[in-house]
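Visitor: give me a 3D structure for the following:
(chains A, B, C and D)
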There are 2 protein chains.
Amino acid sequence: MAKSANTRLAKRVRGSRTGRPVMALLDLLGRRWTLRVVWELRDAPLTSRALREACDDASPTVLNERLSELREAGLVENLDAGGYRLTAGGRELMELVLPLQKFADRWPPFKP
Amino acid sequence: MAKSANTRLAKRVRGSRTGRPVMALLDLLGRRWTLRVVWELRDAPLTSRALREACDDASPTVLNERLSELREAGLVENLDAGGYRLTAGGRELMELVLPLQKFADRWPPFKP
DNA sequence: CATATTGCTACAATTTCAGTAGCGCAAGAG
DNA sequence: CTCTTGCGCTACTGAAATTGTAGCAATATG
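Guide: Numbering: from 1, shown residues only, chains lettered A, B, ... in the order given. Sure, this is the predicted structure:
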């Protein structure tokens, strides 16, 4: 299953055809709403609609595409009871994303 | 200077109009090639063309736009001698991005 | 002057995204 | 059963972003 996910993912990787894993990740995270989705799922699972609200009412079209990609990458999973949550790997990635908040809060150009 | 950069940046922030700094950052990093540019500048400054090559010959149109945004955000600067490099803040951000490599290398769906 | 390199721009073709509407399904209420 | 509600998800059109290619002006170098 990881293998098929891998195969599919490789086909989707844009901008980087080197096959280096980090490039695939940078490319995935460089698509609109991807980082935001991981961010919004940091605390608890969310239903697709709650997630949409959390993401400033992003269009369901893209959101669903991002969720598919993230599921394919094994970072997000669909709960049987409904809703999405981060997998173990997704949470691992989230731990790397969380520190961005401190950085943003301290970096003057990002302050409101 | 930080103030004008802030003003301009706020206007450019898409998808998030909450004014929360981290959202502005997630949005900036969620544009194509942004993360990649930071990644490619991690070790040494690069000329615009060297950067373009490093980024799988991405179109100069987008690269230039991303570089403008990154300069505006004070994360990248233009060297007098030519070329681009990370600012102090850019390097700080880079430190948060570097661990993604380890994650990608260990996460099966990203392995080639 | 000839040549090469740099940062950067123009422009058409293509891809992606936004915004809105609504489907089919399942669960609960009456 | 019928009605309602909320779920995941899709369709569709117009707008925006990205790609790919070509080339400019400025600067340096021979």
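Visitor: can you count the residues close to the residue of chain A found nearest DNA strand C?
Guide: Taking Cβ to the nearest atom of the strand, DNA strand C has its nearest neighbour within chain A at residue A:59, 3.3 Å off. C-beta here means a position set from N, CA and C on the backbone, and glycine is covered the same way. The number of residues packed near residue A:59 is 12, by other Cβ atoms under 10 Å in any protein chain shown.
Visitor: next one: residue A:56 from chain B, what distance?
Guide: Taking Cβ to the nearest Cβ, to the nearest Å as the measure, residue A:56 falls 6 Å from chain B.
Visitor: let me see the ranges of the helices in chain A.
Guide: Counting by DSSP state H, chain A has helices at residues A:2-12, A:21-29, A:34-40, A:48-54, A:60-72, A:88-97, A:99-106.
Visitor: neighbours of the residue lying closest to residue A:97 once chain neighbours are set aside, how many?
Guide: Leaving aside its chain neighbours, residue A:97 sits nearest to residue A:38 (5.8 Å; criterion: Cβ to Cβ, 6 or more residues apart in numbering or on different chains). Residues contacting residue A:38 under the criterion other Cβ under 10 Å number 23.
Visitor: how about residue A:24?
Guide: Residues near residue A:24, counting by other Cβ under 10 Å: 27.
Visitor: wait, it sits on residue B:110?
Guide: Yes - using Cβ atoms under 8 Å, residue A:24 is in contact with residue B:110, at 4.9 Å.
Visitor: ok so, going back, between the helices of chain A, which one is closest to residue B:91.
Guide: helix A:99-106 (11.3 Å; Cβ to Cβ).
Visitor: so what does the closest one touch, helix or strand wise?
Guide: If you count contacts as 3 or more Cβ pairs under 8 Å, 6 or more residues apart in numbering or on different chains; DSSP states H and E, helix A:99-106 packs onto helix B:21-29, helix B:88-97.
Visitor: just the buried residues of the last one, please?
Guide: Which is helix B:88-97. Buried residues in helix B:88-97, counting neighbours by 16 or more other Cβ atoms under 10 Å in any protein chain shown, are found at B:89-90, B:93-94, B:96-97.
Visitor: contact partners of it?
Guide: Helix B:88-97 has contacts (Cβ atoms under 8 Å, 6 or more residues apart in numbering or on different chains) with A:96, A:99-100, A:103, A:107, B:35, B:38-39, B:41-42, B:70, B:74-77, B:86.
Visitor: out of those, which comes closest to residue A:50?
Guide: Of all those, residue A:100 has the smallest distance to residue A:50: 22.1 Å, by Cβ to Cβ.
Visitor: residues touching that closest one, list them.
Guide: B:22, B:25-26, B:29, B:96.
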